[in-house]
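> Based on what follows, work out the 3D shape:
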Amino acid sequence: MNRETYSLLENYMLSCMDDSAHDREHVYRVLYHALEIAESESGVDYDVLIAACLLHDVGRKEQFENPALCHAAVGSKKAFAFLTTHGFDTAYAERVRDCILTHRYRENNPPKSLEAKILFDADKLDVSGAMGIARTLIYKGIVSEPLYSLLPDGAVSDGEGDDTPSFFQEYKYKLEHIYDHFYTKKAASLAKERRQAAVDYYNCLYQEAASAYEEGREALDKLLTP
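Numbers count the residues shown, from 1 in each chain. Coordinates of the predicted model:
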């Protein structure tokens, strides 16, 4: 891929970014992760991989405005339209489109091509470790969701089995389990190195919140008169 083509794709990506949890820096990290993963694989089509990485989140704005939409589905269509409109070969545009369509974790729509698997892994790698925690907290703030919810007895829920959206619920539902869903050995290895940072942060945050409620409510009960 020449620099002119890269700049064309990059500029289109930049025009679509409007979410601080899925901003251009996330896109660059995914691209750089993908290139690192690709070094351990053979037969990678870098022109397809680079384009797919740069354009994988161009449908985020539409999903944010309408949560019923899937940003992967929307983004794949936008990317295909952009590429074909700008003179790229249809077969090439289809391969990029398919990578984007399957980069979001869905059991019924797994990535098939090598490039799609690398994009999937690179994107999930950016949800692992400390970076994944930070991005999740940013997003929860954007959509005004709390750090945690309370159990019927007033104690802090650890998020397990919660229906109420919160950071703890997201951690238990998604972040805790992403480490078992990588396609490439390199990405799995990188994620494993990051995992403990996320575990430690979650455990510390939960203990601090839970103890504040437990000890604080006990102290308050002693001070309140009948």
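
> which residue is nearest the middle of this structure?
The centre of the chain sits closest to Val127, judged by Cα atoms, centre = their mean, with a distance of 4.8 Å.

> Kindly provide the distance from that one to Thr136.
As for Val127, its distance to Thr136 is 8 Å (criterion: Cβ to Cβ, to the nearest Å). Just so you know, the C-beta spots here come from the backbone N, C-alpha and C atoms, and that holds for glycine as well.

> SS state for the residue nearest to the centre of the chain?
coil (DSSP: H, G, I helix; E, B strand; the rest coil).

> Quick one: residues contacting it.
By Cβ atoms under 8 Å, 6 or more residues apart in numbering, the contact list for Val127 reads 135-136, 174-175, 178.

> Most neighbours among the residues you listed, please name it.
In terms of neighbour count, Leu175 stands highest of the contacts of Val127 at 23 neighbours, by other Cβ atoms under 10 Å.

> Could you pull up the residues touching that one?
127-128, 132-133, 136, 198, 202.

> ok, now with 10 Å
Neighbour list for Leu175: 127-129, 132-133, 135-136, 159, 167-168, 195, 198-199, 202 [criterion: Cβ atoms under 10 Å, 6 or more residues apart in numbering].

> next one: phi and psi at it?
Leu175 adopts backbone torsions of phi -60, psi -40, taken as degrees, to the nearest 10.

> now swap in Val156 and tell me
Backbone torsions for Val156, taken as degrees, to the nearest 10, come to phi -70, psi 130.

> Distance of it relative to Tyr206?
As judged by Cβ to Cβ, Val156 and Tyr206 stand 7 Å apart.
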